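> sequence unavailable; structure follows:
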């Protein structure tokens, strides 16, 4: 594909990606302000602001890639940007929890349309080799930088303007991207005439939403309530329907045979388990810093920035060298480092010092996550054709969103139940609430640590890798980056 201004094309695509990553983190710092303004009843309901976005994003990501092939990458990229902007505007104007959660879901759908179209455009614009690797390096830096900017910007806007501007800010960015897209992005013709597996996309997404909803309801109404049990049954039935559909259709959304490879199944499991621990950490740490330690939104954003900075530094150092290392020890150790960080957080006191009680946990968490996400991409795509690498990278990115949503729901059940029991034991005394919240957060961090330990066991038992030989290095297949939050 011949493009006259490749640098400008990359800038446009990366800005669209930046907007999506920004929105994945900018919300966390504003959660207490949103809870107060829109009267969210509790943390279990509040977590749907994060979960709805992640579920829609992850659930429709593979479908978004298929639609880009069918209707053209630039067209689908622009459609995703426009939908994302409209949902952002509506979210900023939301007047109650249901409205905001609904528009966050539509935001996630917009992200699912634009993200795969953007990445596939980068792969087609830049030639394979050094040129493409440089472009993907910039792409990964923008993704990581978007997370850091989101944390800080969310605090600044919430404290000095209004929490609604964490959504409104997407609108001018999107308008600029749409105008530039017409000038600098090539009009790529559809690359396939295959039918889109709509049934597969709908059943898998509905199944996951029903599962997360069941977990959320369990925190409020108990495990034996009719709506909790009914949601679990609906989730299982939809998952069975998805599997049957994928085996029968000619062009499935996911070729299930790919999971017969140990590295693909193990790598996908890692891609789900690690974010399952990570999302809960960000969610509860943000609430802890503001509601317990009484940090301002800006101070909370600054407190979280070291996480993304460590991820960028470690990933930048490891990425050029990972192909020459034995990845298995890294995949086994990385989740354990993350577990150490979560164990540290599980001892958070009611009155804490940031430098001694918070920062060490953030550094350990970010170090463990960075070690895994860089290495896991290489291992999972190793030995695959370029077409398969695209599918597998899509699975990794989808797993990050879905795993995060499910993990946050599980942690909400555990944290909420612990807090309720403590408040009941104190006969509802207001003075007991802060301690009960912290105790619930502590149990949530322990549960997140269990996800990370399980990830380490999966890496140890399921993945089958070794230190690459010279022959391996010569035949290495290029892998697409899977960045947390993408």
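Arrived safely, thanks for sending. A quick note: this is a predicted structure, and the numbers were derived from the prediction, not measured.

> contacts, neighbours, all on C-alpha from now
OK.

> I'd like to know how far the nearest residue to residue 333 once chain neighbours are set aside sits from residue 266.
Once flanking residues are discounted, residue 333 sits nearest to residue 456: 6.9 Å by CA to CA, 6 or more residues apart in numbering. For residue 456, the distance to residue 266 (CA to CA, to the nearest Å) stands at 10 Å.

> neighbour-wise, which of these two wins?
residue 456 (28 against 24; other CA atoms under 10 Å).

> which strand or helix spans the more buried one?
helix 433-461 (DSSP states H and E).

> list the buried residues for that helix?
Under the neighbour-count criterion of 16 or more other CA atoms under 10 Å, helix 433-461 has 433-460 buried.

> elements contacting that helix?
helix 262-287, helix 327-345, helix 386-425 (3 or more CA pairs under 8 Å, 6 or more residues apart in numbering; DSSP states H and E).

> helices of the stretch 101-250 of the chain, start to end?
130-160, 165-168, 170-184, 198-221, 226-248 (DSSP state H, counting those that start in this stretch).

> lowest average confidence across the ones you listed, which one?
Out of these, helix 130-160 stands lowest, with a mean of 77 (criterion: mean pLDDT).

> sorry, back to before: ranking the helices and strands packed on helix 433-461 by burial, who's on top?
Mean neighbours per residue, mean count of other CA atoms under 10 Å, is largest over these for helix 262-287, with a mean of 25.

> re the thing from before, dump the helices and strands packed on helix 433-461 to a markdown table, plus distance to residue 304 and mean pLDDT.
Shown next, in a markdown table, are those (distance: least, CA to CA, whole Å; pLDDT from 0 to 100):
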| stretch | distance to residue 304 | mean pLDDT |
| --- | --- | --- |
| helix 262-287 | 8 | 87 |
| helix 327-345 | 14 | 94 |
| helix 386-425 | 18 | 80 |
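
> can you say which of those helices is nearest to residue 74?
Proximity to residue 74 (CA to CA) singles out helix 386-425 among the helices and strands packed on helix 433-461, at 18.0 Å.

> now do the closest one and helix 433-461, the angle between them.
150 degrees (axes from the mean of the first three to the mean of the last three CA atoms, to 10 degrees).

> so that it lines up with my notes, have the first residue be 44 from now on.
With the count now opening at 44, the last piece we talked about shows up as helix 429-468.

> from the middle of its chain, how far away would helix 429-468 be?
9 Å (CA atoms, centre = their mean, to the nearest Å).

> just the angle for it relative to helix 241-264, thanks.
20 degrees.

> what is helix 429-468 packed up against?
Short answer (3+ CA pairs under 8 Å, 6+ apart): helix 429-468 packs on helix 86-89, helix 91-114, helix 241-264, helix 305-330, helix 402-424, helix 476-504.

> next, format those as TSV and append distance to residue 449.
Formatted as TSV, these follow (distance: least, CA to CA, whole Å):
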stretch	distance to residue 449
helix 86-89	13
helix 91-114	8
helix 241-264	6
helix 305-330	7
helix 402-424	18
helix 476-504	11
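
> which one of the ones you listed lies closest to residue 134?
Between the helices and strands packed on helix 429-468, helix 91-114 lies closest to residue 134; by CA to CA that is 10.4 Å.
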